[in-house]
Each structure stands twice: as C-alpha cells, then as structure tokens.
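Undergrad: Here is a sequence together with a model predicted from it:
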Amino acid sequence: MSLTLYIHPLASFCHKVLIALYENEVPFTAMTIDLADPGSASVLLEKWPVGKIPVLHDSARERTVAETSIIVEYLQQHYPGPVAMLPQDADAALDVRLWDRFFDLYVSVPMQKIVLDRIRPEDGRDPIGVAEARRSLDTAYAMIDAQLARRLWAAGDDFTMADCAAAPGLFFASIVHPFAAGQPNLAGYLERLLARPSIRRTLDEARPYFAMFPYRDAMPERFLNDAA
C-alpha cells in the first residue's frame, strides 16, 4: 500500500480527503498526528515543514502532496475510481473548483474561527472576529441555499470534490452556527451528504473524538450515536 495520509480524525479538512478516498475505495494507510506531541508532529514535519494536515505521501511515486484540493486532484489523476472528483469538461471543472474553494474558504474557515475562539483563554478571545465569522457563514448559507435550489449536488447532478469539501464544513458549521429556518435547500443538501456512505464512514471514525470538540455540548444527539 503506497499511500499514507497524515491526519487528525476530528479535523474537517482531513475529512474532505478521507471522503474522496472512500468514494473510490482507494487503499491507503491513515496516520494520526498529534501536533501537540513533538514526536508525533515531527513525523509530519519531515514530510511537510508547514505543519498543516492533511498531507498525502505516495511512496510508489516518491511524492508528498499537500493542500486538500491538490490531494484530491492528485488522487483523481493517479488513483482514479468510478466517482470522478472533477468532470472532464473544462467549464464544469471550473464550477467544481469554485464551489470547492467556496466551502473551504467561506464555510470551513469561519467555522474554525468560531470553534478555536471557544478554547482560547478568556482574555485572548476575539468577539469581533467571531461576529465577522458568523456573518460570513450567514452569507455563505444564503448563497448555498440558492445554489441548491435546482441542483442535487454542489456543482450539478454528480457528486464531486466540491461535495467532499462541503460535507465536513457544513457538518461542523451547522453545530456552531445553525442554519436559518428558511433555508430548506441547504438543510436538505446536508441531509443528502450525511446519507452518503463515504461521509457516514468518515463521521463514524471521527465519533470517538467528538468529546474533544469544543462545541460538543451543542452537538445534536443523533450525531453522537450515528453519522446521520
């Protein structure tokens, strides 16, 4: 098995790549990294000194690949399966890349801002930044709800890399900043994502770590018992 993915099972960006791997049943080894443990972190830093996860190492091709979207495209190129993470049509691929970046930058990033602020010391918190993050999520939710009015998945009728990005971002964001009542397309989309076997598997594997999630008290009971 040539692929090793360096991850933490609770990290939303790691979930994005895990979903892509599970969609196409690509064999790999997952190595959990504890960035607070110098010994564990050094394993990652040897491969990618930036120290961000996930990182993919391909021993067969002697390649280390970082950044989630690049990892997913690398898998598509060298380890393809029946589910195309990017369509062959160039314009359609641009749409997928756009919504992939949208979910990363405008859902996952503000969600993480809110989450991380909760674990800061009281005198180090950033209420202004958290308020801005919540406004960003409100804008993103409205745009996603409109986008999904006539689409099954984020970029069209097929599940793609954009949906791999959407699932973990929306899962955690819906806990820390719930959707508005008048956003049925957004809510329905999250339910479709949660029903997807690759996403259920990813959340099943993450569940033992949910106690570490700073908004554990706000998690719906169903997320604690099963992935959907």
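TA: Yep, that arrived.

Undergrad: quick one, what contacts A93?
TA: The contact partners of A93, by Cβ atoms under 8 Å, 6 or more residues apart in numbering, come to L86, P87. Every residue, glycine included, has its C-beta placed from N, CA and C.

Undergrad: Mind telling me what element it is part of?
TA: Per DSSP states H and E, A93 falls inside helix 90-103.

Undergrad: In the helix or strand that that helix is followed by, which residues are buried?
TA: Where DSSP H and E defines the elements, the next helix or strand beyond helix 90-103 is helix 109-118. Neighbour-count burial for helix 109-118 flags V109, P110, M111, Q112, K113, I114, V115, D117 (criterion: 16 or more other Cβ atoms under 10 Å).

Undergrad: what's the answer for stretch 122-131, then?
TA: Applying a neighbour-count criterion of 16+ other Cβ under 10 Å, one finds V130 buried in stretch 122-131.

Undergrad: can I get the CA coordinates of that stretch in CSV?
TA: Provided in CSV are the C-alpha atoms of stretch 122-131 (Å, rounded to 0.1, in the frame of the first residue of the first chain):
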residue,chain,number,x,y,z
GLU,A,122,-10.9,34.5,28.3
ASP,A,123,-8.5,37.4,27.8
GLY,A,124,-7.4,36.2,24.4
ARG,A,125,-10.8,35.8,22.7
ASP,A,126,-11.8,37.8,19.7
PRO,A,127,-15.5,38.6,19.8
ILE,A,128,-15.3,41.0,16.8
GLY,A,129,-13.6,38.3,14.7
VAL,A,130,-16.2,35.7,15.8
ALA,A,131,-19.0,38.1,14.9
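
Undergrad: what angle sits between the longest helix seen in the chain and helix 109-118?
TA: For the chain, the longest helix by residue count, based on DSSP state H, is helix 127-147. Per axes from the mean of the first three to the mean of the last three Cα atoms, to 10 degrees, the angle that helix 127-147 makes with helix 109-118 is 150 degrees.

Undergrad: starting at the chain centroid, how far to helix 127-147?
TA: For helix 127-147, the separation from the chain centroid amounts to 17 Å (computed by Cα atoms, centre = their mean, to the nearest Å).
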